[in-house]
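A.B. asks: Model the structure of this input:
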Amino acid sequence: MAEASSNGTEINGPAIFAAYAMAFLELGTFIPSIPILAFCASIVYKTSILHRNLKGILLAQLFGIMMNLWPRAFMLIDQIFVAKNIFLLPPNFVSGASTAALTFNNMAGHVLIVERICATVYVGTYESYRSWTFTALWLSITVEFVSSF
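C.D. replies: The predicted structure is shown next:
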């Protein structure tokens, strides 16, 4: 059995089976990830052991993972159950939302991690002197770095 892909070439049966198996496996990991991420976010938010900025780092990373998970799960459900074509390209909105979530996750994580490193190195003076310029500087550096690719 051969199926046409989006570029017009034919794909044989084992390749189709492997693609659907990987898609079901990926979708099967996404479904339990949603309550696990919600549980982790509630635990991180409620804990008083972590520093406020470290909580921000962890919550931003959990938020970025969750925002990347939804468009990818939407795309897989559409490919498997609605279009019944695993080789279908996702809509521009879905790929754009997934890319935006990954970009936010990387940028926010790096800015907050660099901020935590500076807070650790300059522990004596950092808490008494806080400025928005540090965050603005590192945010602009990471935006420039990401946009250079």
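
A.B. asks: any idea where the strands of this protein begin and end?
C.D. replies: With DSSP state E as the criterion, the chain has strands at 3-4, 10-11.

A.B. asks: Which of those strands comes out lowest on mean pLDDT?
C.D. replies: Note on the strands of the chain: lowest mean pLDDT is at strand 3-4, with a mean of 54.

A.B. asks: need the helices for this structure, in chain order.
C.D. replies: 13-46, 52-77, 92-121, 123-126, 132-147 (DSSP state H).

A.B. asks: List the contacts of stretch 66-86.
C.D. replies: Contacts of stretch 66-86 with the rest of the structure, by CB atoms under 8 Å, 6 or more residues apart in numbering, involve 3, 16, 19-20, 23-24, 26-27, 30-31, 33-34, 37, 41, 87-88, 90, 94-95, 97-98, 100-102, 104-105. Yep, even glycine has a C-beta here, placed from its N, CA and C like the rest.

A.B. asks: how about low-confidence regions in the protein?
C.D. replies: The model of the chain has pLDDT under 70 over residues 1-9, 123-131, 146, 148-149.

A.B. asks: From Y20, how far off is P14?
C.D. replies: Between P14 and Y20 the computed distance is 11 Å (CB to CB, to the nearest Å).

A.B. asks: Now do the buried residues in stretch 139-149.
C.D. replies: Within stretch 139-149, the residues that count as buried by 16 or more other CB atoms under 10 Å are T142.

A.B. asks: ignore the last one, stretch 95-103
C.D. replies: In stretch 95-103, counting by 16+ other CB under 10 Å, buried: A97, S98, A101, T103.

A.B. asks: cool, and stretch 24-37?
C.D. replies: Of the residues in stretch 24-37, those buried (16+ other CB under 10 Å) are L27, F30.

A.B. asks: C-alpha coordinates for that stretch, CSV please?
C.D. replies: In CSV, the C-alpha atoms belonging to stretch 24-37 read as follows (Å, rounded to 0.1, in the frame of the first residue of the first chain):
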residue,chain,number,x,y,z
PHE,A,24,0.6,7.8,18.5
LEU,A,25,3.6,7.4,20.8
GLU,A,26,4.2,11.1,20.9
LEU,A,27,0.5,11.9,21.4
GLY,A,28,0.4,9.2,24.2
THR,A,29,3.2,11.1,26.0
PHE,A,30,1.5,14.4,25.6
ILE,A,31,-1.8,13.4,27.2
PRO,A,32,-0.4,12.5,30.7
SER,A,33,2.0,15.4,30.5
ILE,A,34,-0.9,17.9,30.9
PRO,A,35,-1.9,17.0,34.5
ILE,A,36,1.7,16.4,35.4
LEU,A,37,2.7,19.9,34.3
